[in-house]
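>>> any chance you could fold what I've pasted below:
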Amino acid sequence: MLSFNSSLLSIASEFVGNYAPFQSVQVTPAPNGGVYIASTDKGNIVCLAHDPAGEADETVHLLPSKEIARATKFIKTGERNIRIEEGTAVITTYKKTTNQIQELPILKSSIPFPKEFYPALKTCIDRWSLTPDLSETAGRYSSTYISKAVKALGLIDSSITFSAFDGGPLRIQGSDSNLMILVFPQTAAPIPHLPDWFAKYATTYSAP
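Residues are numbered from 1 along each chain as shown. Okay, the predicted model is just below:
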């Protein structure tokens, strides 16, 4: 049996690859309770999440369909949970006065992520742990402004760079340097630590 916050499945579905072994979303039971959710398109981009209230008795690799992604999508007016038993996904939307239930078929992949996926994550953790902080704070940037900047730059350049400066804006620009967008921070906040669950996922999970 598998049960967790369905919005995490919808988000992770955006980052799967087109071909095996990366065309699925992996859901793994966490050692201390909850579940890990992971997806990647073979290493260009990785999505990782943890639902501490989730439940799973085994690792599964779900093949997300457009219908599943749409039914599990995050909504501001309620909460959604997905429960998977055998080949059926039951998505429940909890609202203030009503609950909506939708049942959809879901497929599982028998092909797990390659074992090299996990050491790559651990390498990132080791690198971040050894790199000294150049600042005590990090800017908190509006996701709306960042999305707007990335969309604008993406019209003329397929690759962009991000540079953040202590106490200053996030500089986003294309490769030819003819267009630059500065996103100023809303507030200064302590540099966030890597969450404990990320390290546990990267170092304790043993790929089958």
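>>> below-threshold pLDDT in the protein: ranges please.
Counting by pLDDT under 70, the chain has low-confidence residues at 131-138, 166-167, 188, 204-208.
>>> report the central residue of this protein.
Centroid-nearest residue in the chain, with C-alpha atoms, centre = their mean: Cys47, separated by 3.0 Å.
>>> now for Tyr141: which residues touch it?
Shown in contact with Tyr141 (C-beta atoms under 8 Å, 6 or more residues apart in numbering): Leu170, Val183, Pro185, Gln186. Just so you know, the C-beta spots here come from the backbone N, C-alpha and C atoms, and that holds for glycine as well.
>>> again with Glu58
Pro29.
>>> now it: which helix or strand?
Taking DSSP states H and E as the definition, one finds Glu58 inside no helix or strand.
>>> domains in this structure, by residue range?
With domains defined by automatic domain parsing, the chain comprises 2-126, 137-190.
>>> looking at those domains, spot the one closest to Asp196.
Asp196 lies closest to domain 2-126 among the domains of the chain, at 9.1 Å (C-beta to C-beta).
>>> how long is that closest one from one end to the other?
End-to-end distance for domain 2-126: 31 Å, by C-alpha to C-alpha, to the nearest Å.
>>> sec struct for the residue lying farthest from the centre of the chain, please.
The outermost residue of the chain relative to its centre, with distances by C-alpha atoms, centre = their mean, is Asn178 at 31.7 Å. Secondary structure, DSSP: H, G, I helix; E, B strand; the rest coil: Asn178 is coil.
>>> picking up where we left off before, please name the residues that touch the spatially closest residue to the residue nearest to the centre of the chain that is not a sequence neighbour.
Leaving out its chain neighbours, the residue that sits closest to Cys47 by C-beta to C-beta, 6 or more residues apart in numbering is Phe15, at 4.2 Å. Contact analysis of Phe15 by C-beta under 8 Å, 6+ apart lists Ser39, Thr40, Asp41, Ile45, Val46, Cys47.
>>> the same query, at a cut-off of 6 Å, please.
Neighbouring residues of Phe15 by C-beta atoms under 6 Å, 6 or more residues apart in numbering: Ser39, Ile45, Cys47.
>>> filter those residues down to the ones in helices?
Of the contacts of Phe15, none are assigned to helices by DSSP state H.
>>> got those as JSON lines, with distance to Phe4 columns?
As requested, the contacts of Phe15 are exported to JSON lines (distance: C-beta to C-beta, whole Å):
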{"residue": "Ser39", "distance to Phe4": "14"}
{"residue": "Ile45", "distance to Phe4": "21"}
{"residue": "Cys47", "distance to Phe4": "14"}
